[in-house]
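[1] give me coordinates for this.
(one chain, ligands or ions: 1)
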Amino acid sequence: GVLGVGGAEPPELKGDLLNVAKISDGGKKQRKNWTGMWSELTSDQLLLHKERQQEAGMKAGGKTDVVQLCGAVIEWTPDKSSRKNVFQITTHTGSEYLLQAESYSTASKWFDGIRKTVDSSSKL
Ligand code: I3P
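    Next up, the predicted model:
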């Protein structure tokens, strides 16, 4: 939409390498495997790019995982990892992603942005 109209545009974020572990795929438990992913928040999705160039929409060898945020739940999950600053996104289809950053300011920036996107895309 046009910036400023309605005053409720969710923040769009990109440019950070977050550690991501998909621990459930549609309710099916997955082996925890942390991977650095270039993350991009759009108005209703979290895109997890293997390669940084994919943020610019350029073709690159890696792949992109799309996390639908409509109907998702986001929460801090200190008990799910030995790592610090870990939060979980549970999608409406029952997939679970852990996200982590070494810096609390980076982790909380993404947590707040994703939470706002979840809220704004879920009330439609
Ligand atoms: C896992 C790996 C993860 C760790 C996880 C281990 O072992 O070390 O990094 O999660 O702990 O099971 P493996 O590679 O052999 O599967 P954290 O880094 O988040 O602690 P967990 O089983 O206690 O979740």
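[2] all contacts plus neighbour counts: C-alpha atoms, from now on.
    Noted.
[3] so the residue nearest the centre of the chain is in which element?
    Nearest to the mean C-alpha position of the chain, counting by C-alpha atoms, centre = their mean, stands residue 46 at 4.5 Å. Assigned by DSSP states H and E, residue 46 belongs to strand 45-49.
[4] sheet partners, orientation included, of that strand?
    Take DSSP bridges as the rule and strand 45-49 pairs in its sheet with strand 35-41 (antiparallel), strand 64-68 (antiparallel).
[5] what pLDDT, on average, does that strand get?
    The average of the pLDDT scores along strand 45-49 is 96.
[6] and this protein, which of its residues are near the ligand?
    Contact residues (C-alpha under 6 Å from any ligand atom) of the chain with the ligand: 31-32, 81-83.
[7] swap in 8 Å and give it another go.
    Contact residues (C-alpha under 8 Å from any ligand atom) of the chain with the ligand: 31-34, 80-83.
[8] can you say which of the strands paired with strand 45-49 is packed in most?
    strand 35-41 (a mean of 20; mean count of other C-alpha atoms under 10 Å).
[9] packing partners for the strand ranked longest in the chain?
    Counting residues, the longest strand found in the chain (DSSP state E) is strand 14-25. Other helices and strands packing on strand 14-25, by 3 or more C-alpha pairs under 8 Å, 6 or more residues apart in numbering; DSSP states H and E, are strand 35-41, strand 96-100.
[10] what sits against the residue nearest to the centre of the chain?
    Contacts for residue 46 were tallied using C-alpha atoms under 8 Å, 6 or more residues apart in numbering; they are 39-40, 66-69, 114.
[11] check residue 19 too.
    Contact analysis of residue 19 by C-alpha under 8 Å, 6+ apart lists 34-37, 99-101.
[12] now do residue 42
    Contacts for residue 42 were tallied using C-alpha under 8 Å, 6+ apart; they are 12-13.
[13] ok, it to residue 32 distance?
    For residue 42, the distance to residue 32 (C-alpha to C-alpha, to the nearest Å) stands at 26 Å.
[14] what number of residues lie near residue 90?
    Residue 90: 24 surrounding residues under other C-alpha atoms under 10 Å.
[15] report pLDDT for the nearest residue to it once chain neighbours are set aside.
    Closest residue in space to residue 90, ignoring its immediate chain neighbours: residue 96 at 4.5 Å, by C-alpha to C-alpha, 6 or more residues apart in numbering. We have a pLDDT of 98 for residue 96.
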